[in-house]
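Peer 1: got a structure for you, letters missing:
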């Protein structure tokens, strides 16, 4: 399931300005998806699908990032590992939920993300 | 569906549903016990406590206890016994990743882990992981690597909760000596579990103090330091939380829910519920039904 479309940017303020003033999108809640990278979510107009603006300097060496949402991160992590996918870390607990990542052979980063609601 | 599964590494998971049950047991391994619906009462030494779906109980290796289910609503019980070697492996790998967290746990090779045997909140990551694990087991998974992955994370989640609920709260107490802080918190946890177990009764401070082996003044002062709430505020919060759960999972009329959680007056319940959750009990139920 793809829910977040990452957009790498050199200047996040300028990028938000472009998305909101020129393209008419709205800024949604703030999410922290990468370990230390603060991301801005922008509503795309499609319900439940967001652009996620990330400063490129915060995640050096990554060409593209594909965020795969899952309902059960540990299960998918285990299944992919048994298929030989190499993960860079064990699933980590973030403020948004449970996440881990792997790279494909071309250097694209795949983030496997299980969002969790901690407010209940 | 009831089952009991012993993995090749001797970790054991069991789930059972019952209305009437009484058993006396000796705990051979470190054990985490969840009640997914209904409630279960325990007698550990002279202590009596009840576990509800918003909390879980841990029992150390070697504890003798008796448990009882006696209710019209079936209680669904989920229990995990962790083999000693699995715990040791966990400690080794976990220490390598985050030695700060484990530095404060008492461990020795002869007796194993010794945690404060009490009730902990069943929420957040541990709840998600246990629900996922139960779904896999209900579907009949035989993949032990996957099951152990969940068990590893369950321990990880528990250690974090233990750190938040015990280590960090002990540090909030204004005592110079760390062993005094730990002893006071252990007694405060007795008071807390008494509230958890008797949340629908009229609990007096004297009764609470007696249960925790603390004078009323000492109890009031230290309870607030550790939990940032007075015992009364804690009790009200717990009642509201359980009322919310009853509104979500049962069809009981609001008036009945008010009685079940120990409130005497429904208008004060509605006022407190609205203050805390920014909605009325009825609207909350309607919203949950429509969601």
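Peer 2: That came through fine. What you see is a predicted model; the values in this text were computed from it and never measured.

Peer 1: and chain A, which of its residues are near chain B?
Peer 2: Neighbours of chain B within chain A, by C-beta under 8 Å from any C-beta of the partner chain: A:72, A:74-75, A:77-78, A:82, A:91, A:93, A:98, A:114, A:116, A:118, A:120. Yep, even glycine has a C-beta here, placed from its N, CA and C like the rest.

Peer 1: For these, point out the one with the lowest pLDDT.
Peer 2: The lowest pLDDT within the residues of chain A next to chain B belongs to residue A:120, with 71.

Peer 1: hang on, that residue is in a helix, isn't it?
Peer 2: No - per DSSP: H, G, I helix; E, B strand; the rest coil, residue A:120 lies outside any helix segment and is coil.

Peer 1: neighbours around it, how many?
Peer 2: 9 (other C-beta atoms under 10 Å in any protein chain shown).

Peer 1: From residue B:127, how far out is it?
Peer 2: Taking C-beta to C-beta, to the nearest Å as the measure, residue A:120 and residue B:127 are separated by 9 Å.

Peer 1: Also residue B:155?
Peer 2: Applying C-beta to C-beta, the value for residue B:155 to residue B:127 is 15 Å.

Peer 1: Over to residue B:149?
Peer 2: Counting by C-beta to C-beta - residue B:149 and residue B:127 are separated by 17 Å.

Peer 1: again, but for residue A:61
Peer 2: Distance, residue A:61 to residue B:127, using C-beta to C-beta: 36 Å.

Peer 1: And these two? Which one has more around it.
Peer 2: Under the neighbour definition other C-beta under 10 Å, residue A:61 and residue B:127 were set side by side, and residue B:127 has more, 19 against 7.

Peer 1: pLDDT score for the more buried one?
Peer 2: In this prediction, residue B:127 has a pLDDT value of 97.

Peer 1: do residue A:1 as well
Peer 2: pLDDT recorded at residue A:1 is 75.

Peer 1: My read is that it contacts residue A:68, right?
Peer 2: Yes - between residue A:1 and residue A:68 there is a contact at 7.0 Å, judged by C-beta atoms under 8 Å.

Peer 1: what kind of secondary structure is residue B:203 in?
Peer 2: Applying three-state DSSP to residue B:203 yields a three-state assignment of coil.

Peer 1: My understanding was that it contacts residue B:195; is that so?
Peer 2: Yes - with contact defined as C-beta under 8 Å, residue B:203 reaches residue B:195; the gap is 6.5 Å.

Peer 1: okay, and the common contacts of the two?
Peer 2: By C-beta atoms under 8 Å, 6 or more residues apart in numbering or on different chains, residue B:203 and residue B:195 have these common neighbours: B:231, B:235.

Peer 1: Next, the buried residues of the longest strand along chain B.
Peer 2: Secondary structure of chain B per DSSP state E: the longest strand is strand B:64-82. Judged by neighbour count (16 or more other C-beta atoms under 10 Å in any protein chain shown), strand B:64-82 contains these buried residues: B:65, B:67, B:68, B:69, B:75, B:76, B:77, B:78, B:79, B:80, B:81, B:82.

Peer 1: and those near chain A, which?
Peer 2: For chain A, no contacts are drawn from those by C-beta under 8 Å from any C-beta.

Peer 1: need the residues you listed in TSV with pLDDT, can you?
Peer 2: Listed next are the buried residues of strand B:64-82 as TSV, based on pLDDT from 0 to 100:
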residue	pLDDT
B:65	92
B:67	91
B:68	90
B:69	89
B:75	92
B:76	94
B:77	95
B:78	96
B:79	96
B:80	97
B:81	96
B:82	95
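
Peer 1: Count the neighbours of residue B:167 for me.
Peer 2: Neighbour tally, residue B:167, other C-beta under 10 Å: 18.

Peer 1: List the contacts of residue B:6.
Peer 2: Counting by C-beta under 8 Å, 6+ apart, residue B:6 has contacts residue B:12.

Peer 1: try 10 Å
Peer 2: By C-beta atoms under 10 Å, 6 or more residues apart in numbering or on different chains, the contact set of residue B:6 is B:12, B:13, B:14, B:81, B:83.

Peer 1: what is the fourth one paired to in the beta sheet?
Peer 2: Each beta-bridge partner of residue B:81 is listed here: residue B:12, residue B:31, as defined by DSSP bridges.

Peer 1: rewinding a little: from the contacts of residue B:6, which is closest to residue B:224?
Peer 2: Set against residue B:224, the nearest of the contacts of residue B:6 by C-beta to C-beta is residue B:81 (36.4 Å).

Peer 1: The helix or strand of chain A with the lowest mean pLDDT: what's the following helix or strand?
Peer 2: One helix or strand of chain A scores below all others by mean pLDDT, DSSP states H and E: strand A:26-32, with a mean of 75. The helix or strand immediately downstream of strand A:26-32 is strand A:38-43, counting by DSSP states H and E.

Peer 1: chain center to that next one, what's the gap?
Peer 2: 9 Å (C-alpha atoms, centre = their mean, to the nearest Å).

Peer 1: In it, which of the residues would be classed as buried?
Peer 2: Under the neighbour-count criterion of 16+ other C-beta under 10 Å, strand A:38-43 has A:39, A:40, A:41, A:42, A:43 buried.

Peer 1: one step back: in the residues of chain A next to chain B, find the pair that's most separated.
Peer 2: Going by C-beta to C-beta, the pair spanning these furthest: A:82 and A:120, at 32.3 Å.

Peer 1: how close does the residue sitting nearest the centre point of chain A sit to chain B?
Peer 2: Centroid check for chain A by C-alpha atoms, centre = their mean gives residue A:67 as the closest residue, at 4.6 Å. According to C-beta to the nearest C-beta, to the nearest Å, residue A:67 and chain B sit 19 Å apart.

Peer 1: helix or strand for residue B:234, which one?
Peer 2: helix B:231-249.

Peer 1: For residue 27, give me its contacts.
Peer 2: Looking at chain A here, since you left the chain open. Residue A:27 makes contact with A:16, A:19, A:20, A:40, A:41, A:42, A:43, A:50, A:53, according to C-beta under 10 Å, 6+ apart.

Peer 1: you looked at the wrong chain, it should be chain B
Peer 2: B:33, B:44, B:59, B:60, B:61, B:62, B:63, B:64, B:65, B:81, B:117.
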